[in-house]
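Peer 1: show me the folded form of this:
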Amino acid sequence: LTNEATLGAYLAANLRKVDTDQIYQSIATLINADSASEIALVESATVAWTRSFYAAAEYAISKGNGDVMLCCEAEYAANLVAMQKLAMERGARLIAVPSFEDSGIVDIGAFQSMLDDPTIGPKVRLVCMTHIPTNSGIVNPMEQIGEIIDAFNKKKRGNDSSSTTKDKEVIFLVDACQSVGQRVVDVRSMNCHILTATGRKYLRGPRGTGFLYVRNDIVDKLVPTHIDHEAAPVIAVPEKPVAEDVSFRYRDGARRFEFWESSIADRLGLGAAVDHALEIGMDVIECQCSNLGMQLQNQLREIPGVKVHHDHIHHAGGKDGQCTQCGIVTFTVDSHPSKDIVFGMLEEGFAISMSPATSTPLDTSRSKCSDVVRASLTYFNSIDEIDDFCRVLRGLLEQRR
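Peer 2: The predicted model follows:
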């Protein structure tokens, strides 16, 4: 920012070009992408998700054909409204895959049954799943979902990898907004075509940053709905000043989803955050976040009137029985509005938030849970801080009886 103020934006950006170029490789390493060309830098997770979703839908969803999009019940509201709008415009169907009753985690058996259903499976074109939702600490089994989709696609192609027929490719889009930075996220293990994330949450990068992963074998089929000359450079000056003669070519790789203008300072901050996470080690961070999340859940259960949302600590919803707990813990308190609990704890120095019922409307409808208090634990938090949090919460509830 100082360089921009003293040298001007263009010169300041040129001086840090090597550093900004390295950000793509750092993110590719973070999520185990094949190459940096599969990464685009954008302004937020929502920008990443919407740009990729509409391009994927344009490719996959035919108008008036009754095509099907699948989502999870824990889907974020921003994603749901975009999918529902497109479904209404295209005459498509949006169907939520059922969740396990006790945990809220996607029911893999139900998902497989939907793809096997002759009335649904042949029409499925797009699967959009949230890895970790905003309103609870569940971790949906993306690796299993991706494995099923990959097998489904291979079966439809008849194992012909050269097939380019549009209706033989189901696209898998993962919203990793809440998981990147607190868990190991491996796009190869997930077998996903697209993954979107933010910089400002568990990566602890600047607000106004995010990134988009698009797998190399699908990116050329996806045309961004909005472009500028960064996404699609002009390749030649026409002989005459005729606008219709201006020709352009979409950029190779995921950077066709970028725009020219961006905050270089924010991007550098994102790169620093990613490098910091890589230096610590995502396996270390994941273990610490999971352990702290379990500790907080255990202590909250002991407080009268407190109910942990999706209290799934003993549910093995992950692949091969992996623990599905993460650093997000949400809860409600009997007879106390969640917003009052948030304000009361903020006054005591605890930075927590509230996830409104409308942020995950399908999960709210299924679980009958209202607004929830959200505590987000990261790797540098401690057991002592959890002890203090629960002690203060107990005291706050005793004062308000």
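Peer 1: buried set for the longest helix along the chain?
Peer 2: Counting residues, the longest helix found in the chain (DSSP state H) is helix 282-301. Of all the residues in helix 282-301, those buried under the rule 16 or more other CB atoms under 10 Å are 282, 285-286, 288-297, 299-300. Just so you know, the C-beta spots here come from the backbone N, C-alpha and C atoms, and that holds for glycine as well.
Peer 1: and for that helix, what's in contact with it?
Peer 2: 30, 137, 181-185, 202, 277, 306, 308, 311, 313, 323, 325-329, 331, 375, 377-379, 381-383, 386-387, 389-390, 393 (CB atoms under 8 Å, 6 or more residues apart in numbering).
Peer 1: which among those end up buried?
Peer 2: The buried subset of these - by 16+ other CB under 10 Å - is 30, 137, 181-185, 202, 277, 306, 308, 311, 313, 323, 325-329, 331, 375, 377, 379, 381, 386, 389-390, 393.
Peer 1: out of those residues, which sit inside strands?
Peer 2: If you go by DSSP state E, the buried ones among the contacts of helix 282-301 have V306, V308, I328, V329, F331, A375 in strands.
Peer 1: so how far is the longest helix of the chain off the chain centroid?
Peer 2: 20 Å (CA atoms, centre = their mean, to the nearest Å).
Peer 1: next one: stretch 242-251
Peer 2: Between the centre of stretch 242-251 and the centre of its chain there are 34 Å (CA atoms, centre = their mean).
Peer 1: outside of that stretch, which residues touch it?
Peer 2: Outside stretch 242-251, the residues that reach it (CB under 8 Å, 6+ apart) are 223-224, 227, 229-236, 238-239, 256, 258.
Peer 1: if any of these are buried, give me the ChimeraX selection for them.
Peer 2: Filtering those down to the buried ones (16+ other CB under 10 Å) takes a single ChimeraX command:
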select :224,227,231,232,256,258
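Peer 1: how about low-confidence regions in this structure?
Peer 2: For the chain, applying pLDDT under 70 flags the ranges 159-168, 312-323.
Peer 1: tell me the helices and strands packed up against the one helix or strand T50 maps to.
Peer 2: Assigned by DSSP states H and E, T50 belongs to helix 45-60. Where contact means 3 or more CB pairs under 8 Å, 6 or more residues apart in numbering; DSSP states H and E, helix 45-60 is packed against strand 39-42, helix 77-90, strand 124-130, strand 171-175, strand 194-198, strand 210-214.
Peer 1: now with 7 Å?
Peer 2: Under the contact definition 3 or more CB pairs under 7 Å, 6 or more residues apart in numbering; DSSP states H and E, helix 45-60 sits against helix 77-90, strand 124-130, strand 171-175, strand 194-198, strand 210-214.
Peer 1: got the end-to-end distance for stretch 219-232?
Peer 2: Stretch 219-232 has an end-to-end distance of 14 Å (criterion: CA to CA, to the nearest Å).
Peer 1: go on, stretch 33-51?
Peer 2: Note: stretch 33-51 ends 19 Å apart using CA to CA.
Peer 1: could you check how far that stretch is from the centre of its chain?
Peer 2: Centre-to-centre, stretch 33-51 and its host chain are 11 Å apart (CA atoms, centre = their mean).
Peer 1: cool, stretch 171-191 as well?
Peer 2: Taking the mean of its C-alpha atoms, stretch 171-191 sits 7 Å from the chain's own mean (CA atoms, centre = their mean).
Peer 1: could you do stretch 221-238 as well?
Peer 2: Distance, stretch centre to chain centre, for stretch 221-238: 26 Å (CA atoms, centre = their mean).
Peer 1: equivalent analysis for stretch 391-401, please.
Peer 2: Stretch 391-401 sits 35 Å away from the centroid of its parent chain (CA atoms, centre = their mean).
Peer 1: so what strands line up beside the very next helix or strand once past the helix holding T50?
Peer 2: For helix 45-60, the following helix or strand on the C-terminal side (DSSP H and E) is strand 68-72. The strands beside strand 68-72 in its sheet (DSSP bridges) come out as strand 93-97 (parallel), strand 124-130 (parallel).
Peer 1: ok and the helix or strand following the shortest one relative to strand 68-72, angle-wise?
Peer 2: Same thing as strand 93-97. Going down the chain from strand 93-97, the next helix or strand is helix 108-116, by DSSP H and E. Helix 108-116 and strand 68-72 are oriented at 180 degrees to each other (axes from the mean of the first three to the mean of the last three CA atoms, to 10 degrees).
Peer 1: okay then, goodbye and thanks.
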